[in-house]
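Trainee: Please work out how this folds:
(one chain, ligands or ions: 1)
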Amino acid sequence: MAEPPGEVRAFVAAQRDGEVDRGLRTLPAGELGEGDVLVRVAYSSVNYKDGLATIPKGQVARISPLVPGIDLAGTVVEGEGEGSEVIVHGHDLGVAHHGGYAEYARVPRDWVVELPDGLSARQAMAIGTAGFTAAMSVARLERHGVQPDGGPVLVTGATGGVGSTAVSILAARGYEVVASSGKDARDYLESLGAAEVVGRDDIAGDGKPLGKQRWAAAVDSVGGAVLAGLLAQIRYGGAVAASGLTAGVKLETTVMPFILRSVALLGIDSVEASMDERAELWRRLVDDLRPPQLDEAITREIGLDELEPALDAILKGELTGRTVVRVG
Ligand SMILES: NC(=O)c1ccc[n+]([C@@H]2O[C@H](COP(=O)([O-])OP(=O)(O)OC[C@H]3O[C@@H](n4cnc5c(N)ncnc54)[C@H](OP(=O)(O)O)[C@@H]3O)[C@@H](O)[C@H]2O)c1
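Mentor: As a prediction, the model looks like this:
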């Protein structure tokens, strides 16, 4: 295996006097952080959290300077498993430990998941943290008892990373998917398999504790008023998998959906998911949870030098689908 260079090309965010200085820099390889495995990064991706890690009040970055990038796929070039292709996401990656936006990443071995057969590094990052979270949401809903013949499943923030992947996975599994979006994106969402597209405001609703029972279940990566609205629209015994906060962290709701309709609110966290759950979900992402549109509709590719506008765009809710970052 070739020697890693003394310096690596990286996108770095540094806090300075209440501002964040961001851009491409050269980092000494000795400053990549602690870890027993060195990975040559092939691809990373753009997640909402990456945007937050590069702005002054994002409340995500815990070191400065920081190489953001909360997920990566590449090849182990030093340490246990040398030569194998791997995925790393979650834990402190890209928030308190240098992440995927650098040619090399040094990480603890127990953060590493083997790249499953049937998935390239690019495809793994087309899924990335957002797609993994979508898969986790679907798996949790099904564990709760949600089934394809049980009625329509709502996906909020449907053009986003979590949303697009959830629409694609659910539709491929035979669900009737209703996509909620603030964008004019009917063609895109239908191409992923949505049976119906509704507006974001239609879901946020009128603030009443209980509304018409519309959805058997929901995958929500939006939170705020949208989550409050949809909870009042879940059918008796249904469930919501909640993972995100793009519409806000505040949830103003009542106990009525829970105590009168037996609705379950399932919290989804990918960051601290156990390594067993990660391995199982990545195996299923190649198999029965594979989003069919991974190489086409969902994914676009950029280089490290195109990151800045993409990070700004994701914070404004302007990105559609998943954006992979070509690093190596
Ligand atoms: N819990 C976890 O482990 C975990 C893992 C991954 C992601 N997340 C969270 O999930 C969320 C989505 O992440 P992502 O990477 O998929 O981001 P993303 O690609 O930007 O998707 C978010 C989507 O939310 C919608 N949206 C944006 N601003 C909104 C607003 N003000 N009100 C209502 N809807 C809005 C937009 O969809 P439309 O335009 O289609 O409405 C946007 O595309 C983030 O909050 C992220 O932190 C959590």
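
Trainee: top helix in the protein by residue count?
Mentor: helix 121-144 (DSSP state H).

Trainee: Partner strands of the helix or strand harbouring residue 154, with direction?
Mentor: Residue 154 is part of strand 153-155 when elements are defined by DSSP states H and E. Using DSSP bridges, strand 153-155 pairs in its sheet with strand 177-181 (parallel), strand 215-220 (parallel).

Trainee: Tell me which helix or strand comes right after the shortest one.
Mentor: When you say that, I think you mean strand 177-181. helix 186-191.

Trainee: Check whether the strand holding residue 154 comes close enough to the ligand to count as a contact.
Mentor: No - between strand 153-155 and the ligand, judged by Cβ under 6 Å from any ligand atom, nothing touches; the nearest distance is 9.1 Å. To be clear about C-beta, it is placed using only N, CA and C from the backbone, and glycine gets the same treatment.

Trainee: The next helix or strand after that strand vs helix 121-144, what angle?
Mentor: Toward the C-terminal end, the helix or strand that comes next after strand 153-155 (DSSP H and E) is helix 161-172. Per axes from the mean of the first three to the mean of the last three Cα atoms, to 10 degrees, the angle that helix 161-172 makes with helix 121-144 is 70 degrees.

Trainee: Without its sequence neighbours, what residue ends up closest to the most centrally placed residue in the chain?
Mentor: Taking Cα atoms, centre = their mean, the centroid of the chain lies closest to residue 130, which sits 1.4 Å from it. Spatial nearest neighbour of residue 130, excluding adjacent residues (Cβ to Cβ, 6 or more residues apart in numbering): residue 161 at 3.0 Å.

Trainee: tell me the pLDDT at residue 42?
Mentor: pLDDT recorded at residue 42 is 98.

Trainee: circling back: what's in contact with the strand holding residue 154?
Mentor: By Cβ atoms under 8 Å, 6 or more residues apart in numbering, the residues outside strand 153-155 that reach it are 141, 146, 163, 166-167, 170, 175-180, 194, 203, 214-220, 230, 233.

Trainee: change it to 7 Å
Mentor: Residues outside strand 153-155 that contact it (Cβ atoms under 7 Å, 6 or more residues apart in numbering): 163, 166-167, 170, 175-180, 215-219, 230.

Trainee: what number of residues lie near residue 149?
Mentor: Neighbour count for residue 149, taken as other Cβ atoms under 10 Å: 8.

Trainee: rewinding a little: so which of the contacts of strand 153-155 is the most crowded?
Mentor: Busiest of the contacts of strand 153-155 [other Cβ under 10 Å] is residue 166, holding 36 neighbours.

Trainee: ok, now how distant is it from the ligand?
Mentor: Applying Cβ to the nearest ligand atom, to the nearest Å, the value for residue 166 to the ligand is 9 Å.

Trainee: now do residue 253
Mentor: 16 Å.

Trainee: isn't there a helix covering that residue?
Mentor: No - looking at residue 253 with DSSP: H, G, I helix; E, B strand; the rest coil, it is coil, so not inside a helix.

Trainee: Just the pLDDT for it.
Mentor: pLDDT, read off for residue 253, is 95.

Trainee: Tell me which residues touch it, please.
Mentor: With the criterion set at Cβ under 7 Å, 6+ apart, residue 253 makes contact with 228, 231.

Trainee: Kindly recompute the last result at 10 Å.
Mentor: For residue 253, the contact set (Cβ atoms under 10 Å, 6 or more residues apart in numbering) comprises 207, 209, 225, 227-232, 265.

Trainee: While we're on the residue of the chain found nearest the ligand, how confident is the model there?
Mentor: Per Cβ to the nearest ligand atom, residue 160 is where the chain lies closest to the ligand, at 1.9 Å. Listed pLDDT for residue 160 reads 98.

Trainee: Which element, helix or strand, includes residue 226?
Mentor: helix 224-231.

Trainee: oh, I was asking about residue 43
Mentor: Assigned by DSSP H and E, residue 43 belongs to strand 37-46.

Trainee: How about residue 300?
Mentor: Assigned by DSSP H and E, residue 300 belongs to strand 299-303.

Trainee: buried ones in that strand?
Mentor: The neighbour-count check on strand 299-303 (16 or more other Cβ atoms under 10 Å) flags residue 299 as buried.

Trainee: What lies in contact with it?
Mentor: Contacts of strand 299-303 (Cβ under 10 Å, 6+ apart): 24, 43, 45-46, 122-123, 125-128, 131, 164, 291, 293, 309-310, 319-327.

Trainee: Quickly run through the sheet partners of it, with directions.
Mentor: Assessed with DSSP bridges, strand 299-303 is paired to strand 322-326 (parallel).
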